[in-house]
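**Q** Give me the fold of what follows.
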Amino acid sequence: MAATEIYPLLIVLLLGSIMTFGMYLTITTVASKVFEKQKWDIVTRNVEITLPLRLQAYERMCLFLERITPGNLLLRLVASGGSAQELQTLLLFEIREEYNHNLSQQIYMSNDAWEQVANAMNEVVSIINQSSGVVAPDAPATDLAKTILSQVIEKEIQPSTHALKFLKKEIQTLFR
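**A** Model (predicted):
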């Protein structure tokens, strides 16, 4: 073969290689954009599904914190009769039941948020137990209720206040 016959063949090979490389770049670019769109669609669908569940979890835990606030507990559960020990048992049972009822909500909340809820609950339990230690077990339930409320007043802040603020702040981050 003569050199004049090789040049057209090299030009054809070079043009073919350039076209093949161009097609490769085009296909990979289009494919990556399609995959990126599919990924975005999946993320969007997941948010559409999980966001209402997360909001419901935070809402339920805010309600839990409000329900276990000593003042609200006592308004709901103090009967005219009964002893301090019976009231303590009833209060602790009610808190445990509320907590156990909402345990599954932790999967939709951050670990920090769940810790805040658990800490608030433990603080309420501690106040009830400390107050029970001050009041005789056979004293009227109203004596225990008064002691619990006076301990809360001494602290100047409800045990669930910090947790509620934390939950509200965290839920606001979902809307930014």
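**Q** quick one: low-confidence parts of the chain?
**A** The model of the chain has pLDDT under 70 over residues 1-3, 79-80.
**Q** again, 90 this time
**A** Along the chain, the model assigns pLDDT under 90 to residues 1-16, 38-53, 75-82, 153, 155-159, 173-176.
**Q** now the helices: where do they sit in it?
**A** For the chain, the helices defined by DSSP state H occupy 3-67, 70-77, 84-101, 111-134, 141-155, 161-173.
**Q** Tell me who's in contact with the residue positioned nearest the centre of the chain.
**A** For the chain, the residue nearest the mean C-alpha position is M109 (1.5 Å; Cα atoms, centre = their mean). M109 is in contact with 54, 57-58, 61, 117, 170, counting by Cβ atoms under 8 Å, 6 or more residues apart in numbering. Backbone N, C-alpha and C define where each C-beta goes, glycine included.
**Q** Repeat the analysis, applying 10 Å as the threshold.
**A** Counting by Cβ atoms under 10 Å, 6 or more residues apart in numbering, M109 touches 54, 57-58, 60-61, 115-117, 167, 170-171.
**Q** mind giving me CSV with these and columns for neighbour count and distance to T69?
**A** Putting the contacts of M109 into CSV (neighbours: other Cβ atoms under 10 Å; distance: Cβ to Cβ, whole Å) gives the following:
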residue, neighbour count, distance to T69
R54, 18, 23
A57, 22, 19
Y58, 20, 17
R60, 16, 15
M61, 25, 13
E115, 14, 18
Q116, 22, 14
V117, 25, 13
L167, 24, 14
E170, 16, 20
I171, 18, 19
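**Q** for those residues, which one is nearest P8?
**A** R54 (67.1 Å; Cβ to Cβ).
**Q** which one is the closest one nearest to, not counting chain neighbours?
**A** The shortest distance from R54 to any non-neighbouring residue, by Cβ to Cβ, 6 or more residues apart in numbering, is to Y108 (4.5 Å).
**Q** From Q172, how far off is that neighbour?
**A** Separation of Y108 from Q172 (Cβ to Cβ, to the nearest Å): 16 Å.
**Q** more neighbours, the two?
**A** For the pair Y108 and Q172, the greater number of neighbours falls to Y108 (19 against 9), based on other Cβ atoms under 10 Å.
**Q** That'll do, ta.
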